[in-house]
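Enquirer: Give me coordinates for this.
(one chain, ligands or ions: 2)
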Amino acid sequence: MTVSSYNPADPADLVVSVEIPGAAGTAAAVDRARAAQRAWSAAGAAARSAALTHAAEAVEAHAGELAALAVREVGKPLAEARGEVARTAAIWRYYAQAPYAPSGAVHEPAAGEGLLLTRRRPYGVAGLITPWNFPLAIPSWKAAPALAVGNTVVLKPAPEGTACALRLAELAGLPEGVLTVVPGGAAEGAALVGAADVVSFTGSTAVGQAVIAAGTARGVPVQAELGGLNAAIVLPDADFGRAAADLAAAIAGYAGQKCTATSRVIAIGDAYGPLVEALVKALAATVAGDPGDPGTVCGPVVNAAALVRLTGAIDSARVAGAEVLTGGGRVDRPGWFVEPTLLAQVPAGHPLLSEEFFGPVAVVLPAADLDEAVAIANSTPHTLAASVHTGDLDAALAAADRLDAGMIRVNAPSTGVDFHLPFGGTKSAGHGAREQGQAVLDFFTASRTVTLLPAGPAR
Ligand SMILES: NC(=O)C1=CN([C@@H]2O[C@H](COP(=O)(O)OP(=O)(O)OC[C@H]3O[C@@H](n4cnc5c(N)ncnc54)[C@H](OP(=O)(O)O)[C@@H]3O)[C@@H](O)[C@H]2O)C=CC1
Ligand SMILES: O=C(O)CCC(=O)C(=O)O
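Expert: Ligands and ions are numbered 1, 2, ... in the order given. Just a heads-up that it's a prediction; the model follows:
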């Protein structure tokens, strides 16, 4: 059996087709990773740091090639693909410092002599299941911290991002068994969850819940970053031109295929009219088309199924009485392209208001005041990211305090978060420890408490 990926802008272009190992082959890859783990952990901080630095340098040295591969394999517009490559190198460099970070603390005993130590130890093999939308950065922000603290890694990328993951691992050039890519689909993913010592997943809510259940039943730690139904709140005092530019980027950048993309725009009071006018203009002016063109903002969606799902949702909303303010159809060119789209008056109960669609499509909703806007934003289990647009810092902080979203950006697109801070959502948007930053180093290690008493005869 094989897995293949195709160019979303030119579906006749087969990017890669590789053999997949099946469940047994995946379990064998985990065994090999487990055999390599002791030496990797024992190699010491300097060796692991040097290996991660080498990975960063290799990514930088092949930046143009990797960006072109992301354009071709997942349809990421060139400017964003270049940004993702730079972010990928920065992630490996950032975690190259982690092996030198303190791995615990020293405490005084509650009574008597001795020493109490806490020490973080690697679990063994980290099983990583990654999506196609950040085919270089997400594998890196899971693998680099897992490796830094002494785990070895088996990575199962989404089929659509297979070539990117394979090339990334090749360039990283880590010792045999330390970073293994297992191409494949659900069988390989499930086998990895069934064998790894710690599991990190990013993808859809439905698959994530299956991964959480399977990993938790085995008693291994599971971290899952799942879908978002992200809200942007615009107050009447906002600069509508600036807010519209930020929102258009968050709705249509990379065709809305980011878990942090904005899909609900909530305009408070008098903001509604001018904001809608500015946003329609900004979305209509968004450059949609060839992802290889450096000026393109909105490329194709990832595959034919995504195209059908998105155009079907827009059509069904229209039939149910929604108004299409801009876009609403396919971009007139071969490939899987959807126009940047804004809808108003989407009736309550329509799936666009409750499900992650992962496309360049948003709905605009009115709210009487900040209380109502926050209530609308929080009225979903998929609370990952949010943005607030206002010149009133007090209002922004009040909103940030009350929004359920795990990541809130003020006067900025909801997308584009920093890699050195905790990343994740609340409710159904996330499970387990946060990704990224220093927080994830705890996730990839188990704490040991060690009590040391003086040797010799009892005193
Ligand atoms: N939060 C985010 O960043 C992302 C969210 N998504 C959301 O998910 C939707 C579907 O995208 P998709 O890429 O198919 O993501 P999925 O979550 O459906 O799949 C992710 C990966 O998990 C594999 N898998 C399927 N079943 C299992 C299982 N039981 N155990 C372990 N692994 C399994 C899939 O294999 P196979 O492909 O063979 O099913 C795939 O490789 C998108 O439209 C979007 O809404 C997608 C990407 C990122
Ligand atoms: O918006 C970002 O910077 C990151 C988005 C992301 O991690 C995702 O879509 O999975």
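Enquirer: alpha carbons only for contacts and neighbour counts from here, please
Expert: Will do.
Enquirer: can you give me the helices in the stretch 351-459 of the chain?
Expert: Using DSSP state H, counting those that start in this stretch, the helices of the stretch 351-459 of the chain run over 370-377, 393-402, 439-443.
Enquirer: now the ones you listed as TSV including mean neighbour count, mean pLDDT and distance to ligand 1?
Expert: Shown next, in TSV, are those (neighbours: other Cα atoms under 10 Å; pLDDT from 0 to 100; distance: least, Cα to the nearest ligand atom, whole Å):
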stretch	mean neighbour count	mean pLDDT	distance to ligand 1
helix 370-377	19	98	18
helix 393-402	15	97	22
helix 439-443	21	95	17
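Enquirer: Which residues of the protein lie near ligand 2?
Expert: With Cα under 6 Å from any ligand atom as the criterion, the chain meets ligand 2 at residues 258-260, 415-417.
Enquirer: filter these to the buried ones?
Expert: Among the residues of the chain next to ligand 2, those scoring as buried are 258-260, 415 (criterion: 16 or more other Cα atoms under 10 Å).
Enquirer: For these, work out which two are farthest apart.
Expert: Between any two of these, the greatest separation by Cα to Cα is 8.2 Å, found for 259 and 415.
Enquirer: Quick check: neighbours shared by the two?
Expert: Common contacts of residue 259 and residue 415 (Cα atoms under 8 Å, 6 or more residues apart in numbering): none found.
Enquirer: Confirm for me that residue 390 is in contact with residue 232.
Expert: No. Between residue 390 and residue 232 there is no contact under Cα atoms under 8 Å: 11.0 Å.
Enquirer: higher neighbour count, these two?
Expert: Taking other Cα atoms under 10 Å, residue 390 and residue 232 do not tie; residue 232 has more neighbours (32 against 20).
Enquirer: doesn't residue 268 make contact with the more buried one?
Expert: No. Counting by Cα under 8 Å, residue 232 does not reach residue 268; the two are 10.7 Å apart.
Enquirer: Counting neighbours, show which residues of the biggest helix by length in the chain come out buried.
Expert: For the chain, the helix that runs over the most residues, judged by DSSP state H, is helix 22-42. The neighbour-count check on helix 22-42 (16+ other Cα under 10 Å) flags 22-23, 26-27, 29-37, 40-41 as buried.
Enquirer: likewise stretch 205-225?
Expert: Across stretch 205-225, burial judged by 16+ other Cα under 10 Å covers 205, 207-209, 211-212, 214-215, 220-225.
Enquirer: Where is pLDDT lowest across the residues you listed?
Expert: Scanning those for pLDDT, the smallest score is found at residue 205, 94.
Enquirer: residues touching the closest residue in space to residue 81 that isn't next to it in sequence, list them.
Expert: Distances taken as Cα to Cα, 6 or more residues apart in numbering put residue 67 closest to residue 81, at 4.9 Å, once the chain neighbours are dropped. The contact partners of residue 67, by Cα under 8 Å, 6+ apart, come to 78, 81-82, 84-85.
Enquirer: In strands, which of the residues you listed appear?
Expert: With strands taken from DSSP state E, there is no overlap with the contacts of residue 67.
Enquirer: Give me the subset of those that lies in helices.
Expert: Using DSSP H, these in helices are 78, 81-82, 84-85.
Enquirer: Looking at those residues, which is nearest ligand 1?
Expert: Taking Cα to the nearest ligand atom as the measure, ligand 1 lies nearest residue 84 of the ones in helices among the contacts of residue 67, at 14.2 Å.
Enquirer: is it possible to export the residues of the chain next to ligand 2 to TSV including pLDDT?
Expert: Output for the residues of the chain next to ligand 2, formatted as TSV (pLDDT from 0 to 100):
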residue	pLDDT
258	98
259	97
260	98
415	98
416	95
417	89
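Enquirer: Keep only the residues you listed that also lie close to ligand 1.
Expert: Checking the residues of the chain next to ligand 2 against ligand 1 by Cα under 6 Å from any ligand atom, the ones in range are 258-259.
Enquirer: can the residues of the chain next to ligand 2 go into a markdown table with extra columns for distance to residue 187?
Expert: Shown next, in a markdown table, are the residues of the chain next to ligand 2 (distance: Cα to Cα, whole Å):
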| residue | distance to residue 187 |
| --- | --- |
| 258 | 25 |
| 259 | 24 |
| 260 | 28 |
| 415 | 31 |
| 416 | 32 |
| 417 | 32 |
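Enquirer: from the residues of the chain next to ligand 2, which is closest to residue 240?
Expert: Among these, residue 415 lies closest to residue 240 (Cα to Cα), at 18.4 Å.
Enquirer: what's the distance between that closest one and residue 242?
Expert: Per Cα to Cα, to the nearest Å, residue 415 is found 15 Å from residue 242.
Enquirer: Then residue 117?
Expert: Here residue 117 is placed at a distance of 52 Å from residue 242 (Cα to Cα).
Enquirer: Could you identify the helix or strand that succeeds the longest helix of the chain?
Expert: Next helix or strand after helix 22-42 toward the C-terminus (DSSP states H and E): helix 45-61.
Enquirer: Now do that next one, average pLDDT.
Expert: Per-residue scores along helix 45-61 average to 98.
Enquirer: by contact count, what packs against it?
Expert: The criterion is 3 or more Cα pairs under 8 Å, 6 or more residues apart in numbering; DSSP states H and E, and the helices and strands that helix 45-61 contacts are helix 78-96, helix 137-148, helix 162-172.
Enquirer: buried stuff in the lengthiest strand in the chain?
Expert: Identified as the longest strand of the chain according to DSSP E is strand 10-19. In terms of neighbour count (16+ other Cα under 10 Å), strand 10-19 has its buried residues at 10-11, 15-17.
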